[in-house]
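Novice: next one to model:
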Amino acid sequence: MARTTNPLTSIEVKDAKPKAKEYSLGDGNGLYLRVKPNGTKLWIFNYLRPFTRIRANISVGQYPTISLAKARAAQQQNLALLSDNIDPRSHKAEQQRLNTEAPGNTLKKVTNDWFQVKKTKVTRDYADDIYRSLELHIFPKIGEMPIHKIRALDAIEILKPIAAKGSLETLKRLCQRLNEVMVYATNTGLLYANPLSGISKAFESPVKKPMLTLKPEQLPELMAAIANAPIKKTTKCLLEWQLHTMTRSSEAAGTKWEEIDLDKKLWTLPAERMTKNRSHSIPLSHQAISLLKIMTSISHNRVHVFPADGNPRRHTHQQTVNMALKRMGFSGILAAHGMRALASTILSEQGFEPDLIKAALANTDKNDVRMLDNQDEYMQSRKAMMSLWSIHIDNCAQLRYFKQS
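Specialist: Sure, this is the predicted structure:
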């Protein structure tokens, strides 16, 4: 029959007298009061270590600093750890290590370490966007907090004002980025687990908005708006360049002269500028090259084809085209990214293969065994498709012109 241990009382603990030899009084479930010959009383928790099943002791503290109630509370914490197969002794040592290293391992410091890895996997513009969002919304409030002290409530309180403004897409991205930092901290031994894994559930999910794009028959209207818009020459050329090349805003705005091969009529974007981290070559139509010739007089001595107004050493902002479209009356109707969807729709209607269109949009999957945009036979087909796409754009511009005449 198993021996039962009667729980200690506060009086028994207080009245326990020292003896010639050290002895222990059991409270049950592994908690003991160890009484030393010099009268010192220590709380000890005895347990079986997970996996090894070897018995071990861990100090809970000295009586009377640690009362019977506090000792039992510590016992329950240790039992909870054991239920998750966590060794209380190892956990305590790890907590002591974290507390020692805490001043250096702030959220901002760990984020900077994570960012050094993250920025190698995304485009430079996207990396800048990631860091700016954390710098603006997160660092001012909890950037200097030790990362192991941050709890879900801390993050949720910071994010509440963003949710109140209705900026749910921004909120979603911040939740994702904070979680990436915490996962990095967990994988590098700074945390036992990610405390922010469920913070997104504290907020309303953003409603996915339909793509802001035009119907194929509205392309002449867009071309007329571009022709008549009171916008700078650089902005107009950028807008048409993005339309003709079917690229993303960041890719078009960041175009560098060194990426252009006029002899081969080819624009090659390096992997670090692409969302899928793979280089992408775009056959340039006659119309696209004409746009480059216009920009030569403006930026031939610059790194970027489309330099920024304030700092010509940098490229124009990736939102330049979106802002121009809004000024042209397309707010809520067409976004820059929607021009890619428009091109895809029109080319599909004209009978081009879906794989060719995906290759032109740099949407091919990395596991695509044919790798369409890297094979000469498909590049020739892509050249023909891009040429016909530019001709179609010109025809739409002329159609609108004749209608107005």
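Novice: and for the residue lying closest to residue 388 once chain neighbours are set aside, the neighbour number?
Specialist: Nearest residue to residue 388, sequence neighbours excluded (Cβ to Cβ, 6 or more residues apart in numbering): residue 350, at 7.3 Å. From N, CA and C alone the C-beta is placed, and that goes for glycine too. By other Cβ atoms under 10 Å, the residues close to residue 350 number 12.
Novice: again, but for the one 3 residues further on
Specialist: Applying other Cβ under 10 Å, we find 14 other residues in the vicinity of residue 353.
Novice: try residue 329
Specialist: Close neighbours of residue 329, defined as other Cβ under 10 Å, add up to 12.
Novice: quick check: it vs residue 240, distance?
Specialist: As judged by Cβ to Cβ, to the nearest Å, residue 329 and residue 240 stand 17 Å apart.
Novice: now swap in residue 52 and tell me
Specialist: 70 Å.
Novice: so for the two, which sits in the more crowded spot?
Specialist: For residue 52 versus residue 240, neighbours defined as other Cβ under 10 Å are more numerous around residue 240 (23 against 9).
Novice: can you check the pLDDT for that one?
Specialist: Residue 240 carries a pLDDT score of 96 in this model.
Novice: ok, residue 264 next?
Specialist: If you check residue 264, the pLDDT there is 93.
Novice: same question for residue 129.
Specialist: In this model, residue 129 is scored at 89, pLDDT.
Novice: run through the neighbouring helices and strands of the helix or strand where it lies.
Specialist: Using DSSP states H and E, residue 129 falls within helix 124-137. Other elements packing on helix 124-137 under the criterion 3 or more Cβ pairs under 8 Å, 6 or more residues apart in numbering; DSSP states H and E are helix 107-118, helix 152-164, helix 168-187, helix 249-253.
Novice: what residues sit buried inside that helix?
Specialist: By 16 or more other Cβ atoms under 10 Å, the buried positions in helix 124-137 come out as 125, 126, 127, 130, 131, 134, 137.
Novice: with stretch 160-173 instead?
Specialist: By neighbour count with 16+ other Cβ under 10 Å, stretch 160-173 contains the buried residues 162, 167, 170, 171, 173.
Novice: in three-state terms, label residue 77 for me.
Specialist: Classification of residue 77 using DSSP: H, G, I helix; E, B strand; the rest coil returns helix.
Novice: ok, it to residue 8 distance?
Specialist: Distance from residue 77 to residue 8, by Cβ to Cβ: 19 Å.
Novice: what about residue 386, how many neighbours?
Specialist: Neighbours of residue 386 under the rule other Cβ under 10 Å: 24.
Novice: which strands or helices does the host helix or strand of it pack on?
Specialist: Assigned by DSSP H and E, residue 386 falls within helix 376-404. With contacts taken as 3+ Cβ pairs under 8 Å, 6+ apart, helix 376-404 sits against helix 219-228, helix 233-245, strand 280-283, helix 286-299, helix 338-349, helix 354-360.
Novice: on that earlier part again, highest mean neighbour count out of the helices and strands packed on helix 124-137?
Specialist: Highest mean neighbour count among these (mean count of other Cβ atoms under 10 Å): helix 249-253, with a mean of 23.
Novice: so, low pLDDT: which residues of the protein?
Specialist: For the chain, applying pLDDT under 70 flags the ranges 1-4, 98, 101-103, 207-209, 364-376, 400-405.
Novice: spatially central residue for it, please.
Specialist: The residue lying closest to the centre of the chain (Cα atoms, centre = their mean) is residue 177, at 4.1 Å.
Novice: ok, that residue touching residue 135?
Specialist: No: if you go by Cβ atoms under 8 Å, residue 177 and residue 135 don't touch, sitting 11.2 Å apart.
Novice: not counting sequence-adjacent ones, nearest residue to residue 23?
Specialist: Using Cβ to Cβ, 6+ apart and skipping the chain neighbours, the partner closest in space to residue 23 is residue 35 (5.7 Å).
Novice: on that earlier part again, tell me the contacts of the residue nearest to the centre of the chain?
Specialist: Listed by Cβ atoms under 8 Å, 6 or more residues apart in numbering, the contact set of residue 177 reads 130, 133, 134.
Novice: checking residue 21 next. Helix, strand or coil?
Specialist: Judged by three-state DSSP, the three-state class of residue 21 is coil.
Novice: sorry, slip of the keys, the one I care about is residue 43.
Specialist: On the three-state scheme (three-state DSSP), residue 43 is labelled strand.
Novice: so residue 89 is in which element?
Specialist: Per DSSP H and E: residue 89 is located in helix 88-101.
Novice: list the buried residues of that helix.
Specialist: Of the residues in helix 88-101, those buried by neighbour count under the rule 16+ other Cβ under 10 Å are 88, 89, 91, 94, 98.
Novice: let's have these in JSON lines, adding distance to residue 290.
Specialist: Formatted as JSON lines, the buried residues of helix 88-101 follow (distance: Cβ to Cβ, whole Å):
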{"residue": "88", "distance to residue 290": "73"}
{"residue": "89", "distance to residue 290": "73"}
{"residue": "91", "distance to residue 290": "68"}
{"residue": "94", "distance to residue 290": "64"}
{"residue": "98", "distance to residue 290": "61"}
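Novice: what's the burial count for the nearest residue to residue 79 once chain neighbours are set aside?
Specialist: Closest residue to residue 79 apart from its sequence neighbours, by Cβ to Cβ, 6+ apart: residue 29 at 6.7 Å. Using other Cβ under 10 Å, residue 29 is surrounded by 15 other residues.
Novice: residue 29 and residue 80, how far apart?
Specialist: 12 Å.
Novice: ditto for residue 130
Specialist: Counting by Cβ to Cβ, the gap from residue 130 to residue 80 is 36 Å.
Novice: put the alpha carbons of stretch 202-211 into CSV.
Specialist: The C-alpha coordinates for stretch 202-211 follow below in CSV (Å, rounded to 0.1, in the frame of the first residue of the first chain):
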residue,chain,number,x,y,z
ALA,A,202,-7.6,39.6,-30.8
PHE,A,203,-8.5,41.8,-33.8
GLU,A,204,-10.9,41.8,-36.7
SER,A,205,-9.5,40.3,-39.9
PRO,A,206,-9.2,42.6,-42.9
VAL,A,207,-11.7,42.1,-45.6
LYS,A,208,-10.0,41.2,-48.9
LYS,A,209,-10.7,43.9,-51.4
PRO,A,210,-11.2,43.1,-55.0
MET,A,211,-8.3,44.0,-57.4
